[in-house]
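> take a look and give me a structure for this.
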Amino acid sequence: MVIRRWFRCYFYAVFLGMALMALPISAQSISEKPNVNIGVLATRGHLYSEQRWQPTVDWLNQQISDVNFVLHPLDLNTMADAVSQQTLDFVLTNPGQSVTLGRQYTLSWIATLTNKTPENTHSGIGSALVVRASSAYQTLEDVVGLSMAAVSEKAFGGYLTLRYEIAQQGINPNDFFADVHYLGFPIDANLYQLRDNNVEAAIVPVCLLENMSKEGLIDKQNFRVLNLKDNSNFACQVSTPLYPNWSLAKTERGSDRLAKQISRVLLSMPNDNPAIIAAGASGWTSSVNLLSIDKVYQALDILPLQQSWWKQALRLFRSHQEWAWVIFIFFIIINAYHFWLEYCFSKNKQELEKTQYRLKQKSEMLEHSQRVAIVGELGSSLAHEINQPLAAIRNYSEGGLLRLAKKLPYQDIVPVFEKIQSEVDRADAIINRLRTLITKRTVEKQLLDIEQLLDDTIELLHFRLQKLEVGIFREIEGKPANVEVDIVGLQQVIINVINNAMEACLTHFERHPDIGYHPEIIIRTNYRQDKFILEVVDNGTGLEHDNPVDAFVSTKKDGLGLGLAICRDVIEMHKGEFMLRSIKPNGCIVKISLPILVTEITGNRYG
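As a prediction, the model looks like this:
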């Protein structure tokens, strides 16, 4: 009995000793496995990330037993910091962060998730613009500038893909996202804010709406996705094109040998593996090209390491200094030449303006000289016109003196003085018309009775017409109306035209003295609804030059050829037309057309 107890105690002691000896060995074997840190983007919080990705980590631990894989759920900023500080061996994240990390740090991509579609495609990332089903919003334009909830301005599937889609449709992203609230992780809060009427729309990653509905967190029927894309093989509603799915990459700290092992394990994982089901995928495939992601970032001008244009220009300048200096000097020369041309142009413009001013002054002087010449030609006519009232005044004054000498009554003397006053007024009117014609004028238009102007002009030329035995006749068509004209300029034109007509008649008579010739001038005025036409027709020699209105062209012996040129300029200043043409068998017609401002004249002196 004692021996049996002794053997039993000995057996327990040996067993306990073996157990105690075995315990440190097991602990030592576990502690000898190095930890391999895998960082995963926790879009819906740490708990959800562990539920989704811990089965994959467990599978790796089962298949690769010489290391201990540890899962670390992280957000966008802490993931970037961990890669920067080299505390992670592998990273598992969405394609947006794959690009931002891959362009800044040394990452080697191992595998990419595939979707649950018949083709098992690798595209499964995008954005859904969700509104309440009860809202009236139907298109993207309907929600421009409204309050929206989003994950982050750096979130690829929760913001950037939709911003790119907005820009592609020609909508200004700054206007569209004028009131965005960035709520961060977990992304479920975006739909909760929409449900509680705190925002009008929510920008969420694709499939979040469907997953939360399956989990019983929200009712999918209460929401609606705008700008719905046609993806018949994709189970979730999406507002943007789809981009490559989540990918696993090795950091600079990770082992190349271990990366090959992980790649073989993931690519050989069965589709019905619990880890695949928990990840919501159909399996893993080799890493895919992320060019489509690069284009999104480049279009949004946020591609990692993408420098501003002036920094890129400075870098090119430094790397190609010789050509850069040549271009810089050429640019300086071109600008200097441009400024020199501007200076020359400005100087020439000033000279041209001065020249135009001098030409205008000389033109006014020529016009004034031509009017003085006209007055000289009218000298004999004016002397005759003035002599007539002077002779009448003399006769009336002598008659008045005789009546005074005879001491006739007051009533007989007053009419004599009234007639003297009338003749003085007549002489004064002649002098005033002469002064108006010869004065250097400033152009001033006013409404004028053309018929009265013609009366005054013919009265100035009356003596010469009688001396040359030229008959003058008047014809009127239409109802006379006032015309807005430069009075002095138009009278100068009429005098020029009638003088030329008289000289043409005299020349024709001198060339054909034997024929029975009666010189005549007809003045026609035609008042139409929109214009006034004045025609002066003579039966003289007609035109003797192809372009009689050209300056310094004249058939007269002492003529300068300025009269008709000045007439044309005056009429064109009135926005009218001045035309001449010969008529058969002999003679010429001058046609003056002026726009008319209709103001009817009461009474018609000519019928």
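> tell me how many other residues surround residue 86.
Using other Cβ atoms under 10 Å, residue 86 has 13 neighbouring residues. To be clear about C-beta, it is placed using only N, CA and C from the backbone, and glycine gets the same treatment.
> now do the strands in the stretch 351-500 of the chain.
Ranges of strands in the stretch 351-500 of the chain, per DSSP state E, counting those that start in this stretch, are 445-448, 471-477, 483-486.
> next one: the stretch 101-250 of the chain
Assigned by DSSP E, counting those that start in this stretch, the stretch 101-250 of the chain shows strands spanning 108-114, 123-125, 127-132, 147-150, 179-182, 201-205, 223-226, 243-244, 247-250.
> list the buried residues of the second one.
In terms of neighbour count (16 or more other Cβ atoms under 10 Å), strand 123-125 has its buried residues at 123, 124, 125.
> which one of those sits closest to residue 221?
Comparing those against residue 221 with Cβ to Cβ places residue 124 closest, at 24.0 Å.
> that closest one and residue 176, how far apart?
The gap separating residue 124 from residue 176 is 25 Å, by Cβ to Cβ, to the nearest Å.
> what about the helices in the stretch 1-150 of the chain?
With helices called from DSSP state H, counting those that start in this stretch, the stretch 1-150 of the chain shows them at 2-31, 46-63, 76-84, 95-102.
> what of the stretch 251-400 of the chain?
Using DSSP H, counting those that start in this stretch, helices in the stretch 251-400 of the chain cover 256-267, 274-279, 291-299, 309-319, 321-377, 379-405.
> quick check: mean pLDDT of the shortest one?
The one in question is helix 274-279. Averaged across helix 274-279, pLDDT comes to 88.
> what lies in contact with that helix?
Contact with helix 274-279 is made by 51-56, 58-59, 113, 269-270, 282-283, as judged by Cβ atoms under 8 Å, 6 or more residues apart in numbering.
> which of those residues are buried?
52, 53, 54, 55, 56, 59, 113, 269, 282, 283.
> turn the strands of the stretch 101-250 of the chain into TSV, including distance to residue 349.
Shown next, in TSV, are those (distance: least, Cβ to Cβ, whole Å):
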stretch	distance to residue 349
strand 108-114	67
strand 123-125	64
strand 127-132	59
strand 147-150	57
strand 179-182	53
strand 201-205	59
strand 223-226	59
strand 243-244	60
strand 247-250	67
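> name the residues of stretch 460-480 that come out as buried.
Neighbour count says stretch 460-480 has 460, 461, 463, 464, 465, 470, 472, 474, 476, 480 buried, by 16+ other Cβ under 10 Å.
> for the last one, what are phi and psi?
By that I understand residue 480. Dihedral pair for residue 480: phi -50, psi 140, per degrees, to the nearest 10.
> got the domain boundaries for this protein?
33-118+265-291, 127-241, 442-607 (automatic domain parsing).
> how about the secondary structure of residue 578?
Three-state assignment for residue 578 (DSSP: H, G, I helix; E, B strand; the rest coil): strand.
> my guess is it contacts residue 565, does it?
No: at 9.9 Å, residue 578 does not count as touching residue 565 under the criterion of Cβ atoms under 8 Å.
> OK, contacts around residue 55?
Counted by Cβ under 8 Å, 6+ apart, residue 55 has contacts 274, 275, 278, 279.
> not counting residues beside it along the chain, what's closest to it?
Leaving aside its sequence neighbours, residue 55 sits nearest to residue 275 (Cβ to Cβ, 6 or more residues apart in numbering; 3.9 Å).
> ditto for residue 271
residue 283 (5.2 Å).
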